[in-house]
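> Predicted coordinates and the sequence they were generated for:
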Amino acid sequence: MPHILTKYFGSIEYREADVVRFPSGLPAFEQETEFVLIEPPSVAPMVFLQSLQQSSLCFLSLAILAIDPDYSLAVTAEDLQSLHLEPGRQPGIGGEIACLALLAVAENGRITANLLAPIVIDRASRRAVQAIRIDSTYSHQYQVAAPMGDVCS
Amino acid sequence: MLVIRRRAGESFLIDGNIEVEILEVGSTQVKLGIVAPKNIAILRKEVYITHEQNRAASREISILELASLADKLHR
């Protein structure tokens, strides 16, 4: 099995079948088209998206339903097309597709999730896209955890 | 916020060298044409926000922050 050097987990083996491909990369990382998902059971529901092209690039994400169990997708026709999914119908989260929200640490130490632009992965084809919403239903900085050292959290 | 009313075919200039022309006015959408120097990035707002958030998300998360998050998620 092939190996890669990862950002947080040293060198790991992975299966080709587990590689996720973003045909257009991600916004600000358009050249990054191949990632492997790392999901250590001890830190579920955290999912790491490790770049196959750059060992220093690894996004942390959470399954979107773990953040908002009622999250509803609004993938644009263009993004549905890049996933090779049928236009005019939102795919079902947890069924044919997996849906993740990328996490970032803001300056104030808060960990936030980007619910405005979720990562949508077609489980069967392993094609993925960061589906930027055009509505303002969800926030790009939804607070998932307060800063460390917050006594009340 | 500066609010301007324009009709289709009319324009405005930003900083003297960025021109925005209203090409078409529809019932739910407006078509705009933008002429700007090549070094000026023009992005739909939500795309710009996603770029910024992705850059923030690509930054290193310390083991402490990871452990703290894992702990909070399991409560």
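Sure thing, it's come through.

> Spatially central, which residue of chain B would that be?
Centroid-nearest residue in chain B, with CA atoms, centre = their mean: B:Lys45, separated by 2.3 Å.

> what about A:Arg89, how many residues close to it?
9 (other CB atoms under 10 Å in any protein chain shown). C-beta coordinates here come from the backbone N, C-alpha and C atoms, glycine included.

> do you know how far it is from chain B?
21 Å (CB to the nearest CB, to the nearest Å).

> Which helix or strand contains that residue?
Under the criterion of DSSP states H and E, A:Arg89 resides outside all helices and strands.

> Give the closest residue to B:Ala56 in space, chain neighbours not counted.
A:Ala104 (3.8 Å; CB to CB, 6 or more residues apart in numbering or on different chains).

> Neighbours of the one you found, how many?
Other residues lying near A:Ala104 total 23 when counted by other CB under 10 Å.

> Contacts only, for it.
A:111-112, A:114, A:141, B:53, B:56-57, B:59 (CB atoms under 8 Å, 6 or more residues apart in numbering or on different chains).

> go again using 6 Å as the cut-off
Neighbouring residues of A:Ala104 by CB atoms under 6 Å, 6 or more residues apart in numbering or on different chains: A:112, B:53, B:56-57.

> now the longest strand anywhere in chain A: mean pLDDT?
Determined from DSSP state E, the single longest strand within chain A is strand A:97-105. For strand A:97-105, mean pLDDT is 95.

> And the pLDDT for the residue nearest to the centre of chain B?
According to the prediction, B:Lys45 has pLDDT 94.

> list the buried ones in the longest helix anywhere in chain B?
The residue-count maximum for a helix in chain B (DSSP state H) belongs to helix B:45-58. By neighbour count with 16 or more other CB atoms under 10 Å in any protein chain shown, helix B:45-58 contains the buried residues B:46, B:49-54, B:56-58.

> repeat for stretch A:82-99
A:82-83, A:85, A:91, A:93, A:97-99.

> pull the CA atoms of that stretch into PDB?
Written as PDB, here are the backbone C-alpha positions of stretch A:82-99 (Å, rounded to 0.1, in the frame of the first residue of the first chain):
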ATOM      1  CA  SER A  82     -18.600  19.000 -11.000                       C
ATOM      2  CA  LEU A  83     -19.600  16.100  -8.700                       C
ATOM      3  CA  HIS A  84     -21.300  14.400 -11.700                       C
ATOM      4  CA  LEU A  85     -24.500  14.400  -9.700                       C
ATOM      5  CA  GLU A  86     -27.900  15.100 -11.200                       C
ATOM      6  CA  PRO A  87     -28.800  18.700 -11.300                       C
ATOM      7  CA  GLY A  88     -32.000  20.000  -9.600                       C
ATOM      8  CA  ARG A  89     -31.800  17.700  -6.600                       C
ATOM      9  CA  GLN A  90     -29.900  18.100  -3.400                       C
ATOM     10  CA  PRO A  91     -27.900  14.900  -2.500                       C
ATOM     11  CA  GLY A  92     -28.600  13.200   0.800                       C
ATOM     12  CA  ILE A  93     -26.000  13.700   3.600                       C
ATOM     13  CA  GLY A  94     -24.900  10.400   5.000                       C
ATOM     14  CA  GLY A  95     -26.300   8.500   2.100                       C
ATOM     15  CA  GLU A  96     -24.600   9.000  -1.200                       C
ATOM     16  CA  ILE A  97     -22.500  11.900   0.000                       C
ATOM     17  CA  ALA A  98     -20.400  12.800   3.100                       C
ATOM     18  CA  CYS A  99     -20.400  16.400   4.200                       C
END
